[in-house]
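A.B. asks: generate coordinates for the sequence data below:
(chains A, B and C)
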Amino acid sequence: MEILSISTHQRVDMIDITPDVNRIVQASDIQNGIVTVFVPHTTCGITINEHADPDVKRDILFQLEKIAPYEKGYRHYEKNADSHIKTSLIGSSETILLEDGNVILGTWQGLFLCDFDGPRVRKVYVKILGDAS
Amino acid sequence: MEILSISTHQRVDMIDITPDVNRIVQASDIQNGIVTVFVPHTTCGITINEHADPDVKRDILFQLEKIAPYEKGYRHYEKNADSHIKTSLIGSSETILLEDGNVILGTWQGLFLCDFDGPRVRKVYVKILGDAS
Amino acid sequence: MEILSISTHQRVDMIDITPDVNRIVQASDIQNGIVTVFVPHTTCGITINEHADPDVKRDILFQLEKIAPYEKGYRHYEKNADSHIKTSLIGSSETILLEDGNVILGTWQGLFLCDFDGPRVRKVYVKILGDAS
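C.D. replies: Model (predicted):
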């Protein structure tokens, strides 16, 4: 298992971690299998979406704010209930495929760390499972 | 890794791909492990839900349209921001279990490709990981 | 594959199954790999979130009821369309990492079975994949 440390810059923020995950995959002996990307936090998730136009991530975060607005009748005392709700909607991990030593993503796909209660330094765990040939 | 080509028929559409995934699993030597089903697109996801009553998929798509309506203050220039948002809510992959050569799904469960920006021909990647015994 | 039977207590309910999953992992010979936790139901999902303050699960279920309210123009005849929609939003499985024989979760993370059409006894499948060393 490898561990990434990723800095986020706003309360809600999406950071493209595709290059970081690719670097870990390139350094591994495993050529074929799957890569699990997991965040050990409860106010932060992982998603795959377009990383060409930055307006896509803006729109995702914009609409998540409509779906689970900040402070809206929640009871959790830390004033970040919306962050927990967004995390369960987006999910804590992604699984991607590895073929011949390379991560297989679509042309427009990038892996994003989604911070819903930043800015902070967040951990991301990357585990590769499979065969060396 | 095996690749499926799936045709969708409307802008938003759910296609039951369980038989296609089963066919790939039956043709594999791997008897026990996991199957990862992944879409390499950013306006299209994978979900597991009831495939008996077609009204279930109608209701899922109906409510997703309430959650992330088409054109609602988004900035992404391609007029499919809603499709990207729905994709991150539904997710780009599913992992299912394989036991004694068979996919283990519940009685009512089917695997659906969810197109949020169709109709198109979409790719689905299927990777089986595990042991031959 | 191991099977858990989990009792839920209300129509919508979140049950912390972390101790049950840990018990299965401890009894396994596999030391390093991944653990897939999967529900074979279509009105019940799996999520990872904070299991310290019970208000977090209350807030998640509260907001999911806003996102997919009970009875709101759905067509599915069983009067549990909202349960199916919530299931696709939360997802049917989680994948977690296993290192040196232990599940790697963050300090505040717990694994929850989310019942959206209970109370019932629900099945959870747990599959461990990896190496004994």
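A.B. asks: list the contacts for the residue of chain A found nearest chain B?
C.D. replies: Closest residue of chain A to chain B, Cβ to the nearest Cβ: residue A:106 (3.1 Å). Heads up, the C-betas are built off the backbone N, CA and C, glycines and all. Contact analysis of residue A:106 by Cβ atoms under 8 Å, 6 or more residues apart in numbering or on different chains lists B:39-42, B:123.
A.B. asks: buried ones in the longest strand along chain A?
C.D. replies: Assignment by DSSP state E gives strand A:121-131 as the longest strand of chain A. Buried residues in strand A:121-131, counted by 16 or more other Cβ atoms under 10 Å in any protein chain shown: A:122-130.
A.B. asks: turn the residues you listed into a markdown table, columns for pLDDT and distance to chain C.
C.D. replies: Shown next, in a markdown table, are the buried residues of strand A:121-131 (pLDDT from 0 to 100; distance: Cβ to the nearest Cβ, whole Å):
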| residue | pLDDT | distance to chain C |
| --- | --- | --- |
| A:122 | 98 | 10 |
| A:123 | 98 | 8 |
| A:124 | 98 | 11 |
| A:125 | 98 | 6 |
| A:126 | 98 | 9 |
| A:127 | 98 | 5 |
| A:128 | 97 | 10 |
| A:129 | 97 | 6 |
| A:130 | 96 | 10 |
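A.B. asks: from these, list the ones also adjacent to chain B.
C.D. replies: Residues shared between those and the neighbourhood of chain B are A:129-130 [Cβ under 8 Å from any Cβ of the partner chain].
A.B. asks: list the beta-bridge partners for the residue nearest the centre of chain A.
C.D. replies: Among the residues of chain A, the one closest to the centroid is residue A:46, at 2.4 Å (Cα atoms, centre = their mean). Note on residue A:46: beta-bridge partners by DSSP bridges are residue A:113.
A.B. asks: so it touches residue A:112, yeah?
C.D. replies: Yes - here residue A:46 reaches residue A:112: they are 7.0 Å apart, a contact under Cβ atoms under 8 Å.
A.B. asks: can you give me the helices in chain A?
C.D. replies: Taking DSSP state H as the criterion, chain A carries its helices at A:18-27, A:54-67, A:81-90.
A.B. asks: any chance of those helices in a markdown table, plus mean pLDDT, mean neighbour count and distance to residue B:83?
C.D. replies: Listed next are these as a markdown table, based on pLDDT from 0 to 100; neighbours: other Cβ atoms under 10 Å in any protein chain shown; distance: least, Cβ to Cβ, whole Å:
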| stretch | mean pLDDT | mean neighbour count | distance to residue B:83 |
| --- | --- | --- | --- |
| helix A:18-27 | 98 | 15 | 20 |
| helix A:54-67 | 97 | 20 | 10 |
| helix A:81-90 | 98 | 27 | 16 |
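A.B. asks: would a markdown table of the ones you listed with distance to residue C:56 be doable?
C.D. replies: Below are these laid out as a markdown table (distance: least, Cβ to Cβ, whole Å):
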| stretch | distance to residue C:56 |
| --- | --- |
| helix A:18-27 | 28 |
| helix A:54-67 | 17 |
| helix A:81-90 | 5 |
